[in-house]
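Q: Give me the fold of what follows.
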Amino acid sequence: MREREMADRLEIGELLARYAYAVDTGDWERLDLVFTPDAVIDYTSAGGIRGGRDEARRWLAETLSAWPGRQHLIGAVSVRFDGDEAAVTAPFADTLSPSRDMVAADVAGLVRGGGWYHHRLVRTMYGWRSRGMVAEQAWRTVQ
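A: Okay, here's the model as predicted:
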């Protein structure tokens, strides 16, 4: 593996971590550091919207307000480079909790799920950014 590819892979890993942190903490402005202004983001497999960055930001803020306790775990990342673009797939697992305080494992409103994030990345003057993401929900449990 070449030095540039290793650096790109590290930066892409940071991009995915930035996305998870933004969603988990509600730092919606941080999504500007993940997605290009013209990005198309698709949450339809999880019952959500398909829309632009600002529309996705509003939808996430509204929808996830019911679960203040949130955490994503991103798994092994697959990257296929094509010049200054990359196709990235990363498995995820997430937990949504109705509280940031301790709750019982069987509390009503606890949601767990997982699947894959599929990104179309582009190298920009600010580093790698996602031009499009499809969240592929594979499973979800609700209590």
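Q: In the lengthiest helix in the chain, which of the residues would be classed as buried?
A: Ordering each helix of the chain by length in residues (DSSP state H) puts helix 3-25 first. Buried residues in helix 3-25, counted by 16 or more other C-beta atoms under 10 Å: 8-9, 12, 15-16, 19-20, 22-24. Heads up, the C-betas are built off the backbone N, CA and C, glycines and all.
Q: same deal with stretch 30-40?
A: Neighbour-count burial for stretch 30-40 flags 31, 34-36, 39-40 (criterion: 16+ other C-beta under 10 Å).
Q: Show me what whatever helix or strand Q137 lives in pairs with in its sheet, parallel or antiparallel.
A: Assigned by DSSP states H and E, Q137 falls within strand 127-142. Applying DSSP bridges, strand 127-142 is found paired with strand 35-42 (parallel), strand 111-124 (antiparallel).
Q: pLDDT of it, averaged?
A: In this model, strand 127-142 has an average pLDDT of 97.
Q: quick one: contacts of that strand?
A: 8, 11-12, 15, 19, 33-36, 38-43, 45-46, 48, 86, 110-122 (C-beta atoms under 8 Å, 6 or more residues apart in numbering).
Q: Relative to the whole chain's centre, how far out is it?
A: Its chain's average C-alpha position is 5 Å from that of strand 127-142, according to C-alpha atoms, centre = their mean, to the nearest Å.
Q: Just the C-alphas of it, formatted as PDB.
A: Output in PDB follows, covering the C-alpha atoms of strand 127-142 (Å, rounded to 0.1, in the frame of the first residue of the first chain):
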ATOM      1  CA  GLY A 127     -10.000  16.800   2.300                       C
ATOM      2  CA  TRP A 128     -12.300  13.800   1.700                       C
ATOM      3  CA  ARG A 129     -16.100  14.600   1.800                       C
ATOM      4  CA  SER A 130     -19.100  12.500   1.200                       C
ATOM      5  CA  ARG A 131     -21.100  13.500  -1.900                       C
ATOM      6  CA  GLY A 132     -23.700  10.900  -1.100                       C
ATOM      7  CA  MET A 133     -24.600   8.400   1.600                       C
ATOM      8  CA  VAL A 134     -27.100   5.500   1.700                       C
ATOM      9  CA  ALA A 135     -27.800   4.000   5.100                       C
ATOM     10  CA  GLU A 136     -28.700   0.400   4.500                       C
ATOM     11  CA  GLN A 137     -30.600  -0.700   7.600                       C
ATOM     12  CA  ALA A 138     -30.100  -4.500   8.000                       C
ATOM     13  CA  TRP A 139     -31.800  -5.000  11.400                       C
ATOM     14  CA  ARG A 140     -33.500  -3.100  14.200                       C
ATOM     15  CA  THR A 141     -34.900  -4.100  17.600                       C
ATOM     16  CA  VAL A 142     -37.200  -2.000  19.700                       C
END
